[in-house]
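[1] I would like to see how this sequence folds:
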Amino acid sequence: MKTAAPLVCLLALTGVSAESGFAQRTEPAGPHLAIGMTALNGIGLGIGYVNAGDFLTRELAIQSDLRSMVNPGETTNQVFFSFGGAIRIFGFERTIGNVGYRGYDLDAGIRVGPAFSFSTRETLDDRNRRINLFVEPFFRISARTGFVRALFLEAGTTRPHLRLGMWLWIG
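    Okay, the predicted model is just below:
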């Protein structure tokens, strides 16, 4: 009976097809549409394009801060257009160390671009500061799931500071 337990485990492992095992172990790569919500010191929506490679991501994003829609006392809304990229921290480990995908990835990156402010009660000073340039370092964790390509949680320095959403593969 002592040899039955390892034999049962071996049979259970061979019942998993190679294709399904590979699908669970591969990191999200290639072009994705990133859709999500923004929160923390603001509220809004975000949409973008992320091309995830082994070591780097290239990104374009549009994010909004629409606090005046939920808070009548707030008068300013903002829309950000940005481009940038990130270093995939575990990408180096997977390639150089021949380690499998952990089920999640960590990215550290930077984005730059213009921010457009819109005020419901605009003054002359507000009009002069309507367009700002920004540089935003960010940190993201993304995890592969079964129903979408990946879910992500991102923290950045531009208001709203947190973004939560999903990557949909468009390749």
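
[2] please compute how far the helix or strand hosting Ser117 lies from its chain's middle.
    Applying DSSP states H and E as the criterion places Ser117 in strand 104-119. Centroid separation for strand 104-119 versus its chain: 11 Å, with Cα atoms, centre = their mean, to the nearest Å.

[3] kindly export it (C-alpha atoms) in CSV.
    Provided in CSV are the C-alpha atoms of strand 104-119 (Å, rounded to 0.1, in the frame of the first residue of the first chain):
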residue,chain,number,x,y,z
TYR,A,104,1.7,37.2,-11.6
ASP,A,105,4.1,39.8,-12.8
LEU,A,106,5.6,42.9,-11.3
ASP,A,107,6.3,46.0,-13.5
ALA,A,108,8.0,49.2,-12.6
GLY,A,109,7.7,52.0,-15.2
ILE,A,110,7.3,55.6,-16.2
ARG,A,111,4.9,57.5,-18.3
VAL,A,112,4.9,61.1,-19.7
GLY,A,113,2.4,63.2,-21.4
PRO,A,114,0.0,66.1,-21.3
ALA,A,115,-2.9,66.5,-18.8
PHE,A,116,-5.9,68.7,-19.7
SER,A,117,-7.9,70.3,-16.9
PHE,A,118,-11.6,71.2,-17.3
SER,A,119,-13.3,73.4,-14.7
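
[4] buried ones in that strand?
    Neighbour-count burial for strand 104-119, with 16 or more other Cβ atoms under 10 Å as criterion, is recorded at 105, 107, 109-111, 113, 115, 117, 119. Yep, even glycine has a C-beta here, placed from its N, CA and C like the rest.

[5] could you pull up the contacting residues of the most centrally placed residue in the chain?
    What sits nearest the mean C-alpha location of the chain, by Cα atoms, centre = their mean, is Phe152, with 4.3 Å. By Cβ atoms under 8 Å, 6 or more residues apart in numbering, Phe152 lies in contact with 34, 36, 140-143, 163-167.
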